[in-house]
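[1] Return atomic coordinates for the entry below.
(2 chains)
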Amino acid sequence: MPSRQQKAEPDLGRFSDPALVVLTCLADGPKHGYAILQESASLGFPLSVGTLYGSLNRLERLRLIEAEASDDRRRPYRMTELGVGHLRARLASLNRVVRYGARKLEEAR
Amino acid sequence: MKLLLHLYPHWWRDRYGAEALDILERRPVTLSLLLDVMVGCVDAWLNQEMPPGDVGRTYQHDDPRGYLMNGNRKRNRLVASVIAGVLLIVLTGAFVFVETYRTLQGHRDGAPGAINVLAVSAAATAAVGFWVVVTGRRLHNWPGWPGERRALRLAGAYCLLGSLFVVGLALTGNEGFAFLIYAGLALTLAAATRVVRSRNPGI
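    Numbers count the residues shown, from 1 in each chain, chains lettered A, B, ... in the order given. The predicted structure is shown next:
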């Protein structure tokens, strides 16, 4: 059964994983779409253009990121406080799964 | 690519269009990229919500869920389904064309086709013919005319038998002949429909 904290997590549906990649790319500062695509590719989770903008739209809608003003064609996005909290929670959750899985593998040997 | 982006909703182009175009122009145009852009387009039409006060367009209106909706929900879904339908038809058409071409060429490159397109298409046509023969129902809003039911059943039987013959030919390695028969079948049905229509004004 999901905990109260898990219930409060925003539902990103099938964009959950791409959104995590986008948030991770934005963790060290604002970036525009092209920079996010490049970083996601170097991270080993390349995003397609359609997935990137689907994720950006959902993250903006949930106020996890916001666009910064720009006169350029490229528009930088930055994480909000809510986004930082969401990323921390997702990473902690993934970390728990990784530790649990590794422990079980060790026990199985 | 710029033309494809015009299929996206207006608010999406306002918000992401310039940057997306900038990215797309740096990439080679591939089938997967086109597919990705089109799937993104359908997604954009289906999910038209932005945080309040974020874009500030006049065509936005309040949604009970607290978001600003862009345009009419029903219309958005209709546009999305039309785009998805056209995409599906184009992809299926391209696949059938390529496979039929490969079949007619006799797979000179040695690689077999993914499926026997002729056999599958003819089987689908035979199924339609079978349905017409069995039910003999008049199409919805089809104007009645003397002998309509009999003519429909006759056309259905022709469709069924002809298509089964094509399936048999296609599966026994006579794809070229099967294709000609199948094309002839389609032309005969189209011509028969034309003749019936010309003799029965109002159909």
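
[2] CA atoms for contacts and neighbours, from now on please.
    OK.

[3] residues near the residue of chain A found nearest chain B, how many?
    Scanning chain A for proximity to chain B using CA to the nearest CA identifies residue A:50 as nearest, at 4.5 Å. A count of nearby residues for residue A:50, using other CA atoms under 10 Å in any protein chain shown, gives 22.

[4] Run through the neighbouring helices and strands of the helix or strand hosting it.
    In this assignment (DSSP states H and E), residue A:50 forms part of helix A:49-61. If contacts are counted by 3 or more CA pairs under 8 Å, 6 or more residues apart in numbering or on different chains; DSSP states H and E, helix A:49-61 sits against helix A:16-25, helix A:33-43, strand A:65-67, helix B:18-25, helix B:31-46, strand B:49-50.

[5] Deepest in the core, which of the ones you listed is it.
    Using mean count of other CA atoms under 10 Å in any protein chain shown, the stretch among the helices and strands packed on helix A:49-61 with the greatest mean number of neighbours is strand B:49-50 (a mean of 22).

[6] what helices or strands is the host helix or strand of residue B:178 leaning on?
    Using DSSP H and E, residue B:178 maps to helix B:175-199. When contacts are defined as 3+ CA pairs under 8 Å, 6+ apart, helix B:175-199 sits against helix B:73-105, helix B:117-135, helix B:148-171.

[7] picking that back up, C-alpha coordinates for the helix holding residue A:50, CSV please?
    Backbone C-alpha positions of helix A:49-61 (Å, rounded to 0.1, in the frame of the first residue of the first chain) are rendered in CSV as follows:
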residue,chain,number,x,y,z
VAL,A,49,12.3,15.7,-28.9
GLY,A,50,8.6,14.7,-28.4
THR,A,51,9.3,13.1,-25.1
LEU,A,52,11.4,16.1,-23.9
TYR,A,53,8.6,18.7,-24.6
GLY,A,54,5.9,16.3,-23.2
SER,A,55,8.0,16.1,-20.0
LEU,A,56,8.7,19.8,-19.9
ASN,A,57,5.0,20.6,-20.3
ARG,A,58,4.0,18.2,-17.5
LEU,A,59,6.7,19.5,-15.2
GLU,A,60,5.7,23.1,-15.8
ARG,A,61,2.1,22.2,-15.2
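
[8] can you give me the angle that helix makes with helix B:31-46?
    Using axes from the mean of the first three to the mean of the last three CA atoms, to 10 degrees, the interaxial angle of helix A:49-61 with respect to helix B:31-46 works out to 30 degrees.

[9] who's in contact with the residue in chain B positioned nearest to chain A?
    For chain B, the nearest residue to chain A under the criterion CA to the nearest CA is residue B:40, separated by 4.5 Å. If a contact means CA atoms under 8 Å, 6 or more residues apart in numbering or on different chains, then residue B:40 has A:50-51, A:53-54 as its contacts.
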